[in-house]
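J.: need a structure here:
(chains A and B)
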Amino acid sequence: MGKLKSFTINFGPQHPAAHGVLRLILELDGEVVVRADPHVGLLHRGTEKLLEERNLLQGLPYFDRLDYVSIIAYEHVYSAGVENLLNLEVTISAQWTRVLFLELTRLLNHLMAITTHALDVGALTPFLWGFEEREKLIEFYERASGARIHAAYIRPGGVATPVDQTTLQDVAVFLAQFPARLNEIEEMLTNNRIWRQRLVDVGVVTLDQALSWGFTGPMLRGSSWGWDLRVAAPYETYSQINFGIPVGLHGDCFDRYLVRVEEIRQSCLIAATAVDYLTGVGSITPTEEINPNLQIEDLIAHFKKFTTGKVIPPRLWVYTAAEAPKGEFGVYFAAHGAKPWRAHLRAPGFVHLSALDGMAVDHIIADVVTLIGTQDIVFGEIDR
Amino acid sequence: MELARLYPGWTVGILYSPQPGGVVTHPTEVLTTLRGSMLHEGWLTDLWGTDYPGQSRRTQLGWLLWLYSRGQRCLLWTAVGPNQAVPTGIHLFPAAAWFEREVWEIFGTTFVGHPDLRRLLTDYGFEGQPLRKDFPVGGHLEVRFSERNKRVITRGVQFTQEFRSFDFVSPWEN
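T.: Okay, the predicted model is just below:
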């Protein structure tokens, strides 16, 4: 028998399991991965550089485009960062509206993560079911903000417009129906023999490894450390809500899948709490809108607000982080006049992908697909 | 914003606070401080640079550490000049590998001992440090398909409209 020759292959950037634009160079020994070298940056748009040229209101929509799967979670971190910088207070009802949409966003993200992971591994049906539910969630985005995907809904200081009561009632109906849909997806996957064969004991990450690789979010919780910024450093109204943080036991891909499923269930509970609060409030009167075209002074004030923006004293810096569905997403601002001197984004996917080499070693090439799926990679945030 | 003025004296130590506190250290002391944070079960969350041109140490670096047994964060600052290098923290924190690659790529700060300093986010063969303040937002080169040569070519950027950055802040205020 001839000796197996090790060779190098390109995985992506057009591979459907590369979740967009990952060029992964795999050094193989037979079918076993010796080294995985991700080449990223194919979606690099220079967001950090662009933010230095925008004032604090103008920078917001770029955050929708970072992780285009969990849109509102990212603009929330930006808004929270600006609020920290300026010491802004957010009204309680706006905070509850934020919590509602943050958790709906978590559903959006985890539905995508689980079902595309299943798709990569070979199960098409959960993907179709999950996307039907995502479509309903996207409709809530649309009803609240007017945009299906790039909502720009959470703004510095609050939310763009309060949600109306009929939308809240429809969200409540959705939240009542959705767990049954999730059960169906689980019936397809959790005890599915193929799904288990592909996930159980694949990509085991020990707690030490997870910490030293800088993992956060479900990737860390899958390795049995219940670290969640919603509890560890509560923001908005999370401190008033009771919810559980699921953790895995073995740190393999299957545990991370179970963690995400349970997080969906917990998110439904949190969202239901927020809906309860918001429907109990009755009509939330928005701050009185100024028609900028009535008075010249209003027009000037409106113009100044959107062109000059708020001038921040220099030497101020702030790092604000929140629990995005993928992990800790943080924004660092160094202030300088009306525009940030430097805006740095700490993307969870970037950190997770940097550990792919460590995770993929000694796995066979088919497992690499599972690993990319379990990392819940989205290139908008990694490439920035 | 001068770092030394902001944080008088180069001190080594760790500041604990629920919000990121700041510690300033000399570039050569970075490893010592990072190692010190490990005694408190610190792990690296983030590393970034900021450019302050016109200063002798123009690149300010920030390491964000998470002291997970305390559930606290700590921020380590240092500043380096254009020809200065920083020792790599990759042996302490494997997560530093890509952070350092990114800082090296966009600010040009070398991390001594890093085994794999390659470009990460920018294109193959990209030149320049894009997040330095003297790098234009529009860049220098653009890539396009040339109908005449029937291949992808690189040429200098051409804008139909010049890039304009308005400064609306009134010079009479403050």
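J.: distance check, the residue of chain B found nearest chain A against residue B:48.
T.: Here chain B gets closest to chain A at one residue, residue B:95, 3.2 Å apart by Cβ to the nearest Cβ. (Each C-beta comes from the backbone N, C-alpha and C, glycine too.) With the distance defined as Cβ to Cβ, to the nearest Å, residue B:95 ends up 13 Å from residue B:48.
J.: quick revisit: for the residue of chain B closest to chain A, give me its contacts.
T.: The contact partners of residue B:95, taken as Cβ atoms under 8 Å, 6 or more residues apart in numbering or on different chains, are A:212-214, A:351, A:354-355, B:43-44.
J.: tell me the spacing between the nearest residue to it once chain neighbours are set aside and residue A:228.
T.: Closest residue to residue B:95 apart from its sequence neighbours, by Cβ to Cβ, 6 or more residues apart in numbering or on different chains: residue A:214 at 3.2 Å. Residue A:214 is 16 Å from residue A:228, where distance means Cβ to Cβ.
J.: the more surrounded of these two?
T.: The neighbour count for residue A:214 versus residue A:228, taken as other Cβ atoms under 10 Å in any protein chain shown, is higher for residue A:214 (30 against 25).
J.: which stretch of helix or strand covers the closest residue to chain B within chain A?
T.: For chain A and chain B, the shortest gap (Cβ to the nearest Cβ) falls at residue A:214, measuring 3.2 Å. Applying DSSP states H and E as the criterion places residue A:214 outside every helix and strand.
J.: buried sites along the helix or strand of chain A with the lowest mean pLDDT?
T.: Sorting the helices and strands of chain A by mean pLDDT, DSSP states H and E puts helix A:296-307 at the bottom, at a mean of 76. Using 16 or more other Cβ atoms under 10 Å in any protein chain shown as the test for burial, helix A:296-307 gives no buried residues.
J.: for the residue of chain A closest to chain B, give me phi and psi.
T.: In terms of degrees, to the nearest 10, the main-chain angles of residue A:214 are phi 80, psi 20.
J.: got the contact list for it?
T.: Here residue A:214 is in contact with A:351, A:354-355, B:43-45, B:93, B:95 (Cβ under 8 Å, 6+ apart).
J.: determine the longest helix present in chain B.
T.: helix B:96-107 (DSSP state H).
J.: so which of the contacts of residue A:214 sits lowest on pLDDT?
T.: Taking pLDDT as the measure, the contacts of residue A:214 have their low point at residue B:43 (82).
J.: excluding its backbone neighbours, what's nearest that residue?
T.: residue A:211 (4.8 Å).
J.: that neighbour reaches residue B:44, doesn't it?
T.: No. In this structure, residue A:211 is not within contact of residue B:44 by Cβ atoms under 8 Å, at 9.4 Å.
J.: which residues of chain B fall in helices?
T.: Counting by DSSP H, the helices of chain B are B:3-6, B:30-39, B:96-107.
J.: in TSV, list these along with mean pLDDT and mean neighbour count.
T.: Shown next, in TSV, are the helices of chain B (pLDDT from 0 to 100; neighbours: other Cβ atoms under 10 Å in any protein chain shown):
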stretch	mean pLDDT	mean neighbour count
helix B:3-6	39	12
helix B:30-39	72	17
helix B:96-107	91	23
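J.: can you map out the strands along chain B?
T.: B:21-24, B:42-51, B:59-67, B:72-80, B:85-87, B:110-112, B:141-146, B:151-156 (DSSP state E).
J.: quick one, longest strand in chain A?
T.: Ranked by number of residues, the top strand in chain A under DSSP E is strand A:327-336.
J.: distance of residue B:38 from residue B:89?
T.: The spacing between residue B:38 and residue B:89, counted by Cβ to Cβ, is 10 Å.
J.: same question, residue A:84
T.: 27 Å.
J.: these two: which has the busier surroundings?
T.: Taking other Cβ under 10 Å, residue A:84 and residue B:89 do not tie; residue B:89 has more neighbours (25 against 17).
J.: which residues sit in contact with that one?
T.: B:30-31, B:34, B:44, B:47, B:63, B:96, B:100, B:111.
J.: kindly list the single helix or strand of chain B that scores lowest on mean pLDDT.
T.: Least confident helix or strand, chain B: helix B:3-6 with a mean of 39, by mean pLDDT, DSSP H and E.
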